[in-house]
Structures are given as structure tokens and as C-alpha cells.
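Engineer: Got a predicted structure here, sequence first:
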Amino acid sequence: MGKYRDILFETPEPRIGQITLNRPGHMNAYTGAMCDDLVAALAHYVDDDEQRCLVITGAGRGFCSGGDISGEDPDRPDYKNKQLGYGHEMRVGMHRVIAALHRIDKPVIAMINGPAVAGGLTLALACDFRIAADTAKLGDTSGKFALLPDEGGAWFFPRMMGLDRALKMTMLHEVYLAPEALKLGLVTEVVPAADLKTRTFDFALAIAKKAPLAVRLAKSMMRHGLNATLDHSLNDAAFAVMIANPSEDVREGVAAFFAKREPDFKGR
């Protein structure tokens with residue numbers, strides 16, 4: 001699957017890919033190299049029809065603590081002396097990752113094993129589902145350093161939790177334990193930390209058994225529908241059924257129903 005510096009990319013279960021942010025000594029704070037790795041790994045996931053669901057998690061005690069502000073990234077270019085340099089740094093870095101995640105039409109699950117804060121929270125919110133350990137913490141700490149929710153948080157936070165709560169979280173630098181984050185709409189499920197991996201992979205495998213074309217098209221339709229009129233959404237649906245309805249998977253689904261057996265979807 002290629003060589004990566006700051007992530008691990010593997011297939012721990014059939015049809016399931018896993019990306020692990022692999023800078024545990026820095027709570028998986030992202031670097032330019034990690035962003036490059038993530039973009040490449042996400043492209044591989046999209047291109048591999050055998051992988052039907054992707055899990056993203058962090059090594060060690062954390063999910064992701066946002067951008068690395070330690071100054072220990074030796075490969076970071078000197079953006080501060082370039083015209084609009086900091087903006088360019090974002091565009092070629094984490095912005096590419098968030099945009100790539102948002103464009104993917106295959107399902108992605110964030111397995112939140114520890115703190116997901118600032119850009120790490122945005123990374124989790126860019127996934128389709130977020131399953132969090134009950135000990136995990138989520139929030140926006142960027143303002144502690146006079147920084148901004150600039151990785152996409154200003155777009156995701158209000159959509160997930162409402163504008164007033166998003167502003168409160170960012171302006172007061174609030175961090176929530178996973179059960180509170182669930183109430184605020186930031187996570188999909190909360191499970192005991194000891195059960196996190198089992199529950200996440202049970203969920204991923206359940207998705208992977210479904211008809212891949214239907215899963216991908218349904219995700220695309222709903223994502224587009226969030227920013228579309230009803231007429232545009234219905235038009236999307238009309239085009240999508242021209243792909244789904246004639247597929248072998250539909251015939252298999254109908255045959256399995258009448259035969260009272262589990263369907264075996266091939267994605268064609």
C-alpha cells in the first residue's frame with residue numbers, strides 16, 4: 001500500500017482498511033508529511049474496490065491533537081516569509097485532507113481512542129461516523145494559542161452542534177468527555193474504552209456486507225443533498241438509480257430475499 005512516514009495503512013479485516021495516525025509521542029499532531037500520507041492513503045482506499053469501509057484512528061493515547069505546534073517538524077517549509085504563506089500552508093496541508101475526506105463516496109469511520117481536539121476534531125467530523133471511547137475527549141483548543149478553527153472547523157462545528165454551541169466551544173476553548181460530546185452531536189456512539197475496537201469493527205464489517213454501489217450512491221446523494229434544493233436532490237436520485245437499479249447487486253438482493261438467505265453483493 002505504499003510507504004508512509006507518519007501513518008500506518010493496513011487491512012486488519014477483509015474489506016476493511018485502517019489508517020492509524022502514527023505520532024504517539026506528539027498525541028498524533030499532524031505535520032505536512034502526515035497530510036501528504038493521508039491524502040495518498042485516502043486515494044488508495046478510493047481506488048481499491050476490495051476495501052468497502054475505512055477506519056481512521058490514532059496510535060497510543062490520542063486520536064489527534066491538531067496541528068503540531070512543537071516546532072519539531074524538520075521538514076516544515078518556512079512559510080512565514082512567503083506571501084500569504086500561512087494560507088498556502090493550510091491549503092497544501094490539512095485542507096487537502098479534509099477536502100479529500102469530504103469527497104470520498106465510500107464510508108469512513110473515526111475510531112476515537114483519545115483526545116480529538118482542534119484540527120483533530122475537524123478530522124473526526126470529516127468522517128461519516130465517529131465511535132468514541134467513553135474516556136475520549138473532544139473539543140476545540142485552538143483559541144488557547146490565539147489560533148483559529150482553520151482546518152474546516154468553522155464549517156463543521158456549527159453544522160454538527162449549532163452555531164451558538166460551536167461559538168461557545170471555540171471561544172471558551174471547551175473540551176468535552178465523550179458522553180457530553182454525544183449529547184452535543186459531535187459523535188455517533190460512545191462505548192467503553194475496552195470495547196472500542198470490537199464495536200468499531202463490528203460496525204465497519206456490517207457496512208462492508210452491504211451492497212457497495214448502493215452504499216456509495218446513498219452517501220453521495222445525502223452529502224450533495226445537504227447543500228442542494230429538493231429539485232436538485234431529486235435529480236441526483238434519478239441519475240443514481242440509473243446506476244443502481246440495473247446492477248447485479250439488485251438482482252442478488254431480490255433473489256436472496258425470496259430464497260431467505262444472506263445476499264452476497266459484488267459491487268457490480
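Structural biologist: Cool, got the structure. Predicted model only: the values in this text are computed from it and were never measured.

Engineer: which residues does residue 214 contact?
Structural biologist: Residues counted as contacts of residue 214 (C-beta atoms under 8 Å, 6 or more residues apart in numbering) are 244, 249. In short, each C-beta sits where N, CA and C put it, glycine included.

Engineer: swap that for residue 136, please
Structural biologist: Under the contact definition (C-beta under 8 Å, 6+ apart), the residues listed for residue 136 are 63, 112-116, 177-178, 181, 193.

Engineer: can you tell me how far it sits from residue 212?
Structural biologist: To residue 212, residue 136 is 30 Å away according to C-beta to C-beta, to the nearest Å.

Engineer: Repeat that for residue 42.
Structural biologist: Spatial separation of residue 42 from residue 212 under the definition C-beta to C-beta is 17 Å.

Engineer: Please apply the same query to residue 85.
Structural biologist: Using C-beta to C-beta, one gets 42 Å for the distance from residue 85 to residue 212.

Engineer: Please say which of those two ends up with more neighbours.
Structural biologist: Set side by side, residue 85 and residue 212 show more neighbours around residue 212, with 24 against 13, by other C-beta atoms under 10 Å.

Engineer: wait, isn't that one in contact with residue 267?
Structural biologist: Yes - at 3.6 Å, residue 212 and residue 267 qualify as touching, with contact defined as C-beta atoms under 8 Å.

Engineer: list residues touching both of those two?
Structural biologist: Common neighbours of residue 212 and residue 267 (criterion: C-beta under 8 Å, 6+ apart): 49, 52, 249.

Engineer: what's the helix or strand for the last one?
Structural biologist: Following DSSP states H and E, the helix or strand that holds residue 249 is helix 248-259.

Engineer: for that helix, packing partners?
Structural biologist: Based on contacts counted as 3 or more C-beta pairs under 8 Å, 6 or more residues apart in numbering; DSSP states H and E, the elements that helix 248-259 packs against are helix 212-225.

Engineer: quick one: average pLDDT of the very next helix or strand once past the helix it packs on?
Structural biologist: Beyond helix 212-225 on the C-terminal side, the first helix or strand identified by DSSP H and E is helix 230-244. Summarised as a single mean, pLDDT over helix 230-244 is 93.

Engineer: Quick check, pLDDT for the nearest residue to residue 209 once chain neighbours are set aside.
Structural biologist: Distances taken as C-beta to C-beta, 6 or more residues apart in numbering place residue 265 nearest to residue 209, at 7.4 Å, with adjacent residues excluded. On the pLDDT scale, residue 265 is placed at 88.

Engineer: repeat for residue 73
Structural biologist: Note for residue 73: predicted pLDDT of 65.
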